[in-house]
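In: The sequence and its predicted three-dimensional model are supplied below.
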Amino acid sequence: MSMIREFTDRAMARRICLVYGSDDPEDILFKRDLADLAERHGNLSVHHVISSPPEGYDGRSGFITAELMGELLDDVPAKTFYLCGPRAMVRFCLGELEKMGVPKKRIQAEVPGPPRDVALLPGWPGDVKTHDRFTVRLKGDKSIEAKAGEPLIVSFERAGIAVASSCRSGECSLCRVKLVSGRVFQPPGVCLRKSDRRFGYIHCCAAYPVSDLELMV
Ligand code: FES
């Protein structure tokens, strides 16, 4: 969205074709803003694709396939593609682009979410295995068990504890909790505010237990 706004606000000479996949029409974010922008800027086109359409839905449905891209774009291999979304969707779309002969250098992908194997990241403590389990004591409440190789937010959810979240990749701060004691691994690049770092807050979507912990949720 920020890239689209940048292009349209600055009236940059680019053509943008947004192919926006959603599970349900109700899930579409910025629907009205996108429609307004497309109406005002001839170089932006917006196409919604719904994977689980409700009965009677008459828009495009299914996945973002090679066939669909061939319908929407001419000379597909010459375009530049920016993919953003869940890992499964990005993987699927990469396969479709490959089928169409789009060279890798023309594809950028942004995949929010935890890494596939956190132990391969620099700084992971060598004496901790991803299947190790630790006890997480929640101040004033119960204790739960947490696997080292899973972000803490996943262990909370397994235990039926809902924590507010949005990006699930350590960027928005919505899931922050206070680390009272113990050690967590935080992958390089996690955007903790200076004050959070100073007062012991962590983003539980991007923090992995590497010892028993006590947290304030
Ligand atoms: S959900 Fe955004 S930082 Fe955790």
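Out: That came in fine, so what should we check first? Since we're looking at a predicted model, the values are computed, not measured.

In: where does L179 fall, helix, sheet strand or coil?
Out: The three-state assignment at L179 reads strand, by DSSP: H, G, I helix; E, B strand; the rest coil.

In: likewise Y20?
Out: Under three-state DSSP, Y20 falls in the strand class.

In: For I64, see how far away the residue nearest to it when sequence neighbours are not counted is.
Out: Leaving aside its sequence neighbours, Y20 sits nearest to H48 (C-beta to C-beta, 6 or more residues apart in numbering; 5.2 Å). Just so you know, the C-beta spots here come from the backbone N, C-alpha and C atoms, and that holds for glycine as well. Going from H48 to I64 by C-beta to C-beta, to the nearest Å gives 11 Å.

In: same thing with L72?
Out: 10 Å.

In: Counting neighbours, what do you get for M1?
Out: When neighbours are defined as other C-beta atoms under 10 Å, M1 has 12 of them.

In: That one reaches F30, doesn't it?
Out: Yes: counting by C-beta atoms under 8 Å, F30 is a contact partner of M1 at 5.7 Å.

In: Buried residues in the one helix or strand the residue nearest to Y20 maps to, which are they?
Out: Using DSSP states H and E, the element containing H48 is strand 44-50. By 16 or more other C-beta atoms under 10 Å, the buried positions in strand 44-50 come out as 44, 46-50.

In: Model confidence score at the residue lying farthest from the centre of the chain, please.
Out: Going by C-alpha atoms, centre = their mean, the residue of the chain most distant from its centre is G140, 31.5 Å out. Predicted confidence (pLDDT) at G140: the value is 72.

In: Could you list the low-confidence segments of this structure?
Out: In the prediction, the chain carries no residues with pLDDT under 70.
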